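**Student:** this one's sequence-less:
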């Protein structure tokens, strides 16, 4: 796909430019020049989150099967973005004690990926159980935040690269500053996915809300399908490992 290649090329250009800025900062360039360029990290994060991965499918699947409103749906996307980027920063800063446990290759953390997929599989099973349970049930907003945290446990590889590069130059603070702006960009993309999913689901519910029985059956069916999809994705990823 041509647009995907364009995004990848844009990422490469921004990353190389950031590498030059970090190098200049490490060589005594000071914060002023670095801070001027730092907002580009938002564009970098937004473009990076458009590429495959980043739990966009998991986020949309969960929100499609959940009655969370727009604000709470956005909060799930923010929790996912925060965890996704923060895990990379923590792994880079604590790499010496963690490297033998979690890092299998550059930019990846297989142990955390397995934990994330396993926990999301459990959420999927729980959604299936609720969908077929006879008694009416409510959804706790805390569950959505937990899903965002679980999905975000898989660290962002590009944040790891930048953090590792900054640490190797002796300026981890520059890497952290970049990670913060990149997280804003990732959140921008994921919140767009969340908002589109919630608004579409609310529109579909509005179309059938005059028929209570149909609405109840449809809601249960959507949640069941979402739960099945989450479980299937988790199993596929774990088996593929």
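**Tutor:** Yes, it's here. The shown structure was predicted, so the numbers you read here are calculated from the model rather than taken from an experiment.
**Student:** go through the lengthiest helix in the chain and flag the buried ones.
**Tutor:** Ranked by residue count, the top helix of the chain under DSSP state H comes out as helix 172-208. Using 16 or more other Cβ atoms under 10 Å as the test for burial, helix 172-208 gives 172, 174-195, 197-198, 201. C-beta coordinates here come from the backbone N, C-alpha and C atoms, glycine included.
**Student:** repeat for stretch 37-44
**Tutor:** So stretch 37-44, judged by 16+ other Cβ under 10 Å, has buried residues 37-38, 40-44.
**Student:** can I get these in a markdown table including pLDDT?
**Tutor:** Shown next, in a markdown table, are the buried residues of stretch 37-44 (pLDDT from 0 to 100):
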| residue | pLDDT |
| --- | --- |
| 37 | 85 |
| 38 | 87 |
| 40 | 86 |
| 41 | 87 |
| 42 | 91 |
| 43 | 87 |
| 44 | 86 |
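**Student:** which one of these is nearest to residue 74?
**Tutor:** Using Cβ to Cβ, residue 42 comes nearest to residue 74 of those, at 17.0 Å.
**Student:** where along this structure do the helices fall?
**Tutor:** Under DSSP H, the chain gives helices at 2-24, 31-37, 40-50, 56-64, 70-93, 95-102, 110-132, 141-152, 157-168, 172-208, 212-240.
**Student:** go through those helices and find the least confident stretch.
**Tutor:** For these, mean pLDDT drops lowest on helix 95-102, to a mean of 48.
**Student:** so residue 38 sits right up against residue 181, yeah?
**Tutor:** Yes: in this structure, residue 38 is within contact of residue 181 by Cβ atoms under 8 Å, at 5.4 Å.
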